[in-house]
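Visitor: Provided below are the primary sequence and the corresponding predicted coordinates.
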Amino acid sequence: MSFYTRKLPHWQPAGAALFLTWRLDGSLPREYRTAHPDMDPGRQFVDQDRILDRATSGPTWLADPRVALLVADALRYGEASLQPYELAAWVIMPNHVHLLIDPRAPIARINHSIRGYSGREANRALGCTGAFWQHEGYDHWARNGGEFGRIAGYIERNPVTAGLAGSPEDWRWSSAFVG
C-alpha cells in the first residue's frame, strides 16, 4: 500500500480501484472552506459535492464544451497511451470531475500528469493563467465489488442528481453517454 499526505491523507492499496474527485480552483465558497475545518472527510466530501452540483459560486469552466472535450480527451489519452490507469467510470460536471479508475501507477503521478496537462490546455483555451484545478483532490479506494458498483453508479448518475440531464445516458461528458 502506498501513502502520502499533503493536507489530506492519500492511501492507495495494491489492487484497489480509486474514486477520484478533482474540482476547479475557487469552486467552493470561501465561507464553506473556513466554517468546516474539522469535519469528518467523508461528510465533508458529501457536503462539498452537493455545493459543487449546485454551482452557485466560483468558476464553471468545465461547462464550456471546448474545455470539457479537452479534459475528456486527456482522460482517454491517459488511459490508452500513458496507461497509468484503466477508466471504469467518469463524469465531467461544470466545476468538478469524478473518476473511478483501476490504477497502475501511483496516484500522485496520475494526478500530476492528467491534471497538469488538462489544466494547462484549459487555461490556453480560455485565455487564462493561474491555477485551474484546486491544489488537492479527493480520493477514496473501493473496498469491495459492492462499493465499486455504488461508486460507479454515483458517478454516472451525478448529472441527473444535479438536474443537468434526464438520464445518465444523456450527459455527453460521461462514461454513461450513449450518443
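Guide: Looks like it came in fine.

Visitor: CA only for contacts and neighbour counts going forward, please
Guide: Fine.

Visitor: test my guess that L52 contacts N95.
Guide: Yes: taking contacts as Cα atoms under 8 Å, L52 lies within contact range of N95: 6.6 Å.

Visitor: which residues do these two both contact?
Guide: Common contacts of L52 and N95, defined by Cα atoms under 8 Å, 6 or more residues apart in numbering, comprise S27.

Visitor: list the buried residues in stretch 118-131.
Guide: Across stretch 118-131, burial judged by 16 or more other Cα atoms under 10 Å covers 118-123.

Visitor: quick one: which of these sit in helices?
Guide: Cross-referencing the buried residues of stretch 118-131 against helices under DSSP state H gives 118-123.

Visitor: can you pull the pLDDT of the closest residue to V91 other than its chain neighbours?
Guide: Once flanking residues are discounted, V91 sits nearest to S174: 4.2 Å by Cα to Cα, 6 or more residues apart in numbering. pLDDT for S174: 98.

Visitor: again with the one 4 residues further on
Guide: For V178, the pLDDT comes out at 90.

Visitor: how far away is it from R172?
Guide: Distance of V178 to R172, computed by Cα to Cα, to the nearest Å: 8 Å.

Visitor: which one's more surrounded, these two?
Guide: Using other Cα atoms under 10 Å as the criterion, V178 and R172 rank with R172 on top: 19 against 10.

Visitor: gap between the two ends of stretch 124-142?
Guide: Stretch 124-142: ends 35 Å apart by Cα to Cα.
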